[in-house]
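1. predicted model, plus sequence, below.
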Amino acid sequence: MSSPSSPEAPWPVRTVARKVADWIGRLGEVWVEGQIAQLSRRGGAATVFMTLRDPAADMSIPVTCHRDVADRPGLELTEGARVVVRARPDYYVARGSFSLRATEVRAVGLGELLARIERLRQLLAAEGLFDAVRKRPLPFAPAVVGVITGRDSAAERDVLVTARRRWPAVRFAMHNCAVQGPNAAANVMEGLRRLDAEPDVEVIVIARGGGSVEDLLPFSDEGLVRAIAATRTPVVSAVGHETDTTLVDHVADVRAATPTDAAHRIVPEIGEQRRLVEVLRSRARHVVTVRVEQQERWLESIRTRPVLASPERLLHGREEDVEALRGRARRTLLHRVEGAERDLEHARARVAALSPAATLERGYAVVQKEDGALVRDPSEVADRERLRVRVAGGRLAVRVEREDGQP
């Protein structure tokens, strides 16, 4: 057993190459399934070269085999064919390349192809890729439609001509690619990525004419199905004729029977829409007319009511009420004023009766000293003292003179 490599004792390239070749050589024979992407028979050479591609991944392996293996009776190898190969892995040390040396090649029959497609369909369905809840509605009248189809094909003409006839304003973003053969699925996936990334594209149509099961095989490719499921843009499948069914039909948001049917589904028919607009316009006009007539009748009924037909009647009635209230208010006010006057006269009489002036009117007098003090007793007054006497007619200044000892 050789010692492990280290920075101080690294292996040379030849040692690594031999170890890799030894490890690969110990794998023995393996059975490999794939799709023939390239096939080369060089003149009269005994070796046939081909490239085996994985349909579900971007991977391929070179394969070599003896001409007798590739050209055995009943086996027709063509590019795009599905095959099962028994081969031994081989590592060519001089070039550092990996390949397979086939000792037996078997074509995958139609029945087996259909069985594998059905198994794949069940697997993808179990993952929910075909669920109805994932289906997205198509836009009503998309401004830009992405189309993936073969260049100058009948499917392309069916989609473009029919859609433009139905809706002349529609525009297309085209991706022409191979729709048959070993590279078809990869080409369609590239078109999906490009069109899905364009913000103006509102719906994508994948269109192809009819063909055999082998011709339509790329449209049951697992990678393509998953790519459609991952798009943000709604996808319409229009692959083959009405009776043809591929896995793309199951995962697409809408399945069209033919490319022409796809055009009918993605854009409305302008004449039909004009008729619909006329119907809606007529219906709206009728609704508005009926509503206006109803309002006119209501307004006329309001105008014929007495309160609006002769508004002065209401005023006349109110005028009488106002006059009655005014008379009542006047009478009430006069009554209260007269009562107040009587009360004032009574109060004035009582005040006059109790007033000192009234006492003076009856002949009484008020005697005061010069300092204003009232004189209530003769003994309070001295002889020859000046006093002031107040009578009803005014004031008198008097002097006290005693007579017989009395003032």
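-> Perfect, thanks for sending it. Every value quoted in this text rests on a predicted model; they were computed, and no experiment measured them.
2. which residues in the stretch 201-350 of the chain form strands?
-> For the stretch 201-350 of the chain, the strands defined by DSSP state E, counting those that start in this stretch cover 203-208, 235-239, 254-255.
3. tell me the helices and strands packed up against the last one.
-> On a contact count with 3 or more Cβ pairs under 8 Å, 6 or more residues apart in numbering; DSSP states H and E, strand 254-255 meets strand 235-239. In this view, the C-beta of every residue, glycine as well, is placed from N, C-alpha and C.
4. give me the sheet partners of the strand it packs on and which way each runs.
-> strand 203-208 (parallel), strand 254-255 (parallel) (DSSP bridges).
5. can you pull the domain assignment for the protein?
-> 13-108, 115-131+139-268, 270-301, 359-399 (automatic domain parsing).
6. still on that earlier bit, which one of the strands paired with strand 235-239 is the most hemmed in?
-> strand 203-208 (a mean of 27; mean count of other Cβ atoms under 10 Å).
7. returning to that earlier point: make CSV from the strands paired with strand 235-239 and add distance to Met59 to it.
-> Formatted as CSV, the strands paired with strand 235-239 follow (distance: least, Cβ to Cβ, whole Å):
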stretch, distance to Met59
strand 203-208, 24
strand 254-255, 30
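8. now for these, which one comes closest to Leu308?
-> Taking Cβ to Cβ, strand 203-208 is the member of those nearest to Leu308, at 60.6 Å.
9. circling back to that earlier point, so which of the strands of the stretch 201-350 of the chain is nearest Arg388?
-> strand 203-208 (127.9 Å).
10. what does the closest one rub up against?
-> 138-139, 142, 145-150, 153, 155-156, 158-159, 179-180, 188, 192, 195-196, 216, 219, 228, 231, 233-240, 248, 252, 256, 259, 262, 266 (Cβ atoms under 8 Å, 6 or more residues apart in numbering).
11. can you give me the strands for the stretch 51-200 of the chain?
-> Taking DSSP E, counting those that start in this stretch as the criterion, the stretch 51-200 of the chain carries its strands at 60-66, 82-92, 97-107, 144-149, 171-176.
12. list the strands paired with the second one, with their directions.
-> By that I understand strand 82-92. Sheet pairing of strand 82-92 (DSSP bridges) gives strand 30-41 (antiparallel), strand 97-107 (antiparallel).
13. before we move on, what about the first one?
-> For strand 60-66, sheet partners with direction are given as strand 47-53 (antiparallel), strand 97-107 (parallel), following DSSP bridges.
14. just for the chain, where's the confidence low?
-> 1-3, 43-44, 56, 74, 109-112, 317, 358, 363, 403-407 (pLDDT under 70).
15. mind putting the domains of the chain in CSV, distance to Ala324 included?
-> As requested, the domains of the chain are exported to CSV (distance: least, Cβ to Cβ, whole Å):
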stretch, distance to Ala324
domain 13-108, 104
domain 115-131+139-268, 73
domain 270-301, 34
domain 359-399, 51
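16. most tightly packed of these?
-> Per residue and on average, the most neighbours among the domains of the chain fall to domain 115-131+139-268, with a mean of 19 (mean count of other Cβ under 10 Å).
17. what sits against Val63?
-> Contacts of Val63 by Cβ under 8 Å, 6+ apart are 49-52, 85, 87, 99-102.
18. quick check: bridge partners of it?
-> Met50, Leu100.
19. if I look at it, how far off is Thr78?
-> Remark: distance between Val63 and Thr78 (Cβ to Cβ, to the nearest Å) = 15 Å.
20. hmm, back to that, who wins for proximity to Val93 among the strands of the stretch 201-350 of the chain?
-> With respect to Val93, and counting by Cβ to Cβ, the nearest of the strands of the stretch 201-350 of the chain is strand 203-208 at 45.1 Å.
21. with only the CA atoms kept, save the closest one in CSV.
-> Extracted in CSV, the C-alpha atoms of strand 203-208 (Å, rounded to 0.1, in the frame of the first residue of the first chain):
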residue,chain,number,x,y,z
VAL,A,203,-47.9,34.6,-21.5
ILE,A,204,-45.6,32.0,-23.1
VAL,A,205,-46.8,29.5,-25.8
ILE,A,206,-44.8,26.3,-26.5
ALA,A,207,-45.9,25.2,-29.9
ARG,A,208,-45.0,22.2,-32.1
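22. what's the end-to-end length of stretch 171-184?
-> 25 Å (Cα to Cα, to the nearest Å).
23. how far off centre is it?
-> Taking Cα atoms, centre = their mean, to the nearest Å, one finds the center of stretch 171-184 at 34 Å from the center of the full chain.
24. which residues touch that stretch?
-> By Cβ under 8 Å, 6+ apart, stretch 171-184 touches 35-37, 53, 79-80, 143-151, 153, 156, 160, 163, 187-188, 190-191, 194-195, 198, 200-201, 208, 211, 215, 218-219.
25. please report how far the nearest residue to Ser60 once chain neighbours are set aside lies from Arg226.
-> Take Ser60 and drop its neighbours on the chain: the residue closest to it by Cβ to Cβ, 6 or more residues apart in numbering is Arg53, 4.4 Å away. Taking Cβ to Cβ as the measure, Arg53 falls 17 Å from Arg226.
26. do Ala102 as well
-> Ala102 sits 30 Å away from Arg226, going by Cβ to Cβ.
27. equivalent analysis for Trp167, please.
-> Here the criterion is Cβ to Cβ. By it, Trp167 lies 32 Å from Arg226.
28. do the same with Ala9
-> From Ala9 across to Arg226, the span is 47 Å (Cβ to Cβ).
29. what ranges do the helices span in the stretch 201-350 of the chain?
-> Along the stretch 201-350 of the chain, the stretches classed as helices by DSSP state H, counting those that start in this stretch are 222-230, 247-251, 259-266, 270-303, 306-309, 311-354.
30. make a markdown table from the ones you listed and add distance to Asp22 to it.
-> Output for the helices of the stretch 201-350 of the chain, formatted as a markdown table (distance: least, Cβ to Cβ, whole Å):
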| stretch | distance to Asp22 |
| --- | --- |
| helix 222-230 | 34 |
| helix 247-251 | 42 |
| helix 259-266 | 55 |
| helix 270-303 | 72 |
| helix 306-309 | 113 |
| helix 311-354 | 117 |
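31. nearest to Glu118, of the ones you listed?
-> helix 247-251 (9.8 Å).
32. so which elements touch that closest one?
-> helix 110-126, helix 222-230, strand 235-239.
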